[in-house]
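Student: Quick one, structure for this:
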Amino acid sequence: METGQLLITAVLILVLLMFAWGRWRHDLIAMSALVLCALLGLVPMESAFSGFSHPAVVTVAAVLVISHALKNAGVVDLAASRLGSVTGNQFVHIGLLTLVVTFASAFMNNVGALALMLPVAIATARKQQRSPALILMPLAFGSILGGMTTMIGTPPNIIIASIRADIPGKEAFALFDFSPVGIPVAVVGVLFVILIGWRLLPKERLEKSAVDQLFEVGQYLAELKISDQSELPGKELRSLVMDEEWDLLLVGIAHENSRARPMVSDYRFESGDILVVLGRAEELQPLIDRYGLEMLSAPGAAFADVAPEELTLFEGIVSGDSPLVGHGVPYLRRRSGGTLALYGLSRYGETLRKRLRRVTFRIGDILLLQGKEQQVDEQIAQFGLLPLAPRALTLGQQRQAGVALLVFAAAIGLGMLEVMPLYMAFLLAIMAYLILGILPVRQLYDEIDWPIIVLLGAMIPVGQALETTGTTTLLATAIAEWTSGLSVVWVLALLLIVTMFLSDIINNAATVLVMAPIAISLSQQLEVSVDPFLMAVAVGASCAFLTPIGHQSNTLVMGPGGYQFSDYWRMGLPLEILIVMVSLPMILYVWPL
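Tutor: Numbers count the residues shown, from 1 in each chain. Here you go, the predicted model:
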């Protein structure tokens, strides 16, 4: 081996060991590896940060932004409400979502399928009070497995189809030529993931995270006004049907300047009535959407000169040193100069049944407030509030689920029809969401998991150094030497396994471009059909289950799932062994030598 090949091999081994150790954060390890490769001359200094402009990195960032837009538009709430009734059972929850994303990945880009289901999975996990880690890795693996079943589901299959067309006497693989091998692999893989795979994750990952526990802040007392556009005026109380899954309680009704009073069964709603509701913040929006209600603030602070995109909702706990203790809403209004609006109040161990403006603040109360985003930190300090972990709350905003889905479908269509690269189509979708007001400018980068972006952007040039140093070519030569005199079946098995290994380290498209010529050369040396060898490369390149960097789907769920680098091989290693056992005989049966 030459010096460069020895160095890049040593760096990759060191990096993988550090990832597995888990002592340091993954993005710091990746960036250290990139710097080391640049200093050693393995990566040119001028292209050290080229990975951050790679389509894979742009796609991951764009998918996270789009997922946030879909949540804002109400798509996630709509899907979660539909799935909520059937996800009570844990196995059904994991199985249903994994099957949906697996099926969708067969007919659309698997990253796009995961992008659509990712926020739904998180929402349903929190609704069922389960850790997102229980759902997200099976979801990511399902999207990868589904992509194997057709030509359009994943880039390796598309590339293999075009490479076959360049071989004299051969044509490109058709859409469903991958299905006879891909479907059995996907079925067995999904069954493993649903029944066994998730059990192999560390127990601490399957428990609710500290962040999720912070989200459980109890039930807010909130006020919803019946607008002129609502269907409720003139109808009796029984016409107000609240889904049991919303976890909401109607505690009273009031008019603009009256106290809240209990509801009576024969009461008829009037326009302008104010419903006093107790429930979780996330559950209020479906009620608002269904009956055309308006979210009220107390005392109705004036933001007449403030653009909506400058306002934000935030949550804070009233501390023992807070000047709010013993005071009510009028005091909050005076002290803030009308720049804070109280939208809800949660008090542990007590069910409030009075108007917000008549509540006296106590230590431990959790306040749902709206204010100028630039003043949030200052006001939290001014009123002695303990800030809760930020989360996306968009109560009272107009929902545009249909429009958001239409834009997303158009982006996927542009990518599938190869009008433009998928990452460019996603960027156009984001621009559309900004123009339509579905995604406020101030929230544009909120959902991007920057450590994941750094991990991916730093590791791409490191992986490319395998090719530039000739290490991959050396590996190909070694395969040819190792397999000399062996049965064709063993050669095919080794090709599949080596392709899997490379795909866990470098981009799957790059893996195909490296391994496909090797596969063709091996088939020619052995004087057998090239088709089973190309199919082995297609399957192996799609099987990036050991690391979060081999496939964008794995990268996407790492942050939201709270996974460590070493979590992937726990589920991924037995899955890859199972795939080898299933795919090898299927390849030999469907594509004879």
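Student: For the one helix or strand Pro156 maps to, give the mean pLDDT please.
Tutor: Taking DSSP states H and E as the criterion, Pro156 maps to helix 155-165. In this model, helix 155-165 has a mean pLDDT of 79.
Student: Pull the distance from it to the chain's centre.
Tutor: 28 Å (C-alpha atoms, centre = their mean, to the nearest Å).
Student: And the helices in the stretch 1-150 of the chain, which stretches?
Tutor: With helices called from DSSP state H, counting those that start in this stretch, the stretch 1-150 of the chain shows them at 3-21, 26-39, 55-73, 75-84, 90-107, 110-127, 133-147.
Student: Quick check: which helices or strands does the last one pack against?
Tutor: What that stands for is helix 133-147. Contacts defined by 3 or more C-beta pairs under 8 Å, 6 or more residues apart in numbering; DSSP states H and E place helix 133-147 against helix 90-107, helix 110-127, helix 179-195, helix 203-206, helix 552-561, helix 567-590. (Each C-beta comes from the backbone N, C-alpha and C, glycine too.)
Student: Gln285: which of those helices is closest?
Tutor: Closest to Gln285 of these is helix 110-127 (C-beta to C-beta; 11.5 Å).
Student: What pLDDT does the model give the spatially most central residue of the chain?
Tutor: What sits nearest the mean C-alpha location of the chain, by C-alpha atoms, centre = their mean, is Leu118, with 3.9 Å. Predicted confidence (pLDDT) for Leu118: 83.
Student: try the one 10 residues further on
Tutor: pLDDT, the model's per-residue confidence, is 78 for Gln128.
Student: ok, what's across the strand from Glu315?
Tutor: Taking DSSP bridges as the rule, Glu315 bridges to Leu368.
Student: what number of residues lie near it?
Tutor: Applying other C-beta atoms under 10 Å, we find 24 residues neighbouring Glu315.
Student: swap in Gly337?
Tutor: For Gly337, using other C-beta under 10 Å, the count is 8.
Student: where's it relative to Gly371, distance?
Tutor: Separation of Gly337 from Gly371 (C-beta to C-beta, to the nearest Å): 11 Å.
Student: re earlier: so which of the helices of the stretch 1-150 of the chain is the most packed in?
Tutor: helix 133-147 (a mean of 29; mean count of other C-beta atoms under 10 Å).
Student: Show me the shaky parts of the stretch 401-550 of the chain.
Tutor: Along the stretch 401-550 of the chain, segments meeting pLDDT under 70 span 472, 476, 480.
Student: quick one, what contacts Val277?
Tutor: 221-224, 248-251, 284, 287 (C-beta atoms under 8 Å, 6 or more residues apart in numbering).
Student: Out of these, which sit inside strands?
Tutor: Taking DSSP state E as the definition of strands, these contribute 221-224, 248-251.
Student: now Val277, what's its secondary structure?
Tutor: Secondary structure, DSSP: H, G, I helix; E, B strand; the rest coil: Val277 is strand.
Student: what's the distance between the closest residue to Pro44 other than its chain neighbours and Met31?
Tutor: Leaving aside its chain neighbours, Pro44 sits nearest to Ala38 (7.7 Å; criterion: C-beta to C-beta, 6 or more residues apart in numbering). Ala38 sits 11 Å away from Met31, going by C-beta to C-beta.
Student: And for Ser230?
Tutor: With C-beta to C-beta as the criterion, Ser230 and Met31 are 53 Å apart.
Student: Over to Pro574?
Tutor: Pro574 is 31 Å from Met31, by C-beta to C-beta.
Student: circling back: against which helices or strands is the helix holding Pro156 packed?
Tutor: helix 508-526, helix 531-542.
Student: So for Tyr445, which of these sits nearest?
Tutor: helix 508-526 (26.8 Å).
Student: Tell me what angle the closest one forms with helix 552-561.
Tutor: Using axes from the mean of the first three to the mean of the last three C-alpha atoms, to 10 degrees, the inter-axis angle of helix 508-526 relative to helix 552-561 is 140 degrees.
Student: In helix 508-526, which residues are buried?
Tutor: 508-516, 518-523, 526 (16 or more other C-beta atoms under 10 Å).
Student: And those residues, which two are furthest apart?
Tutor: Ala509 and Leu526 (26.2 Å).
Student: Mind listing what's buried along stretch 435-447?
Tutor: For stretch 435-447, by 16+ other C-beta under 10 Å, it's 438-440, 443, 447.
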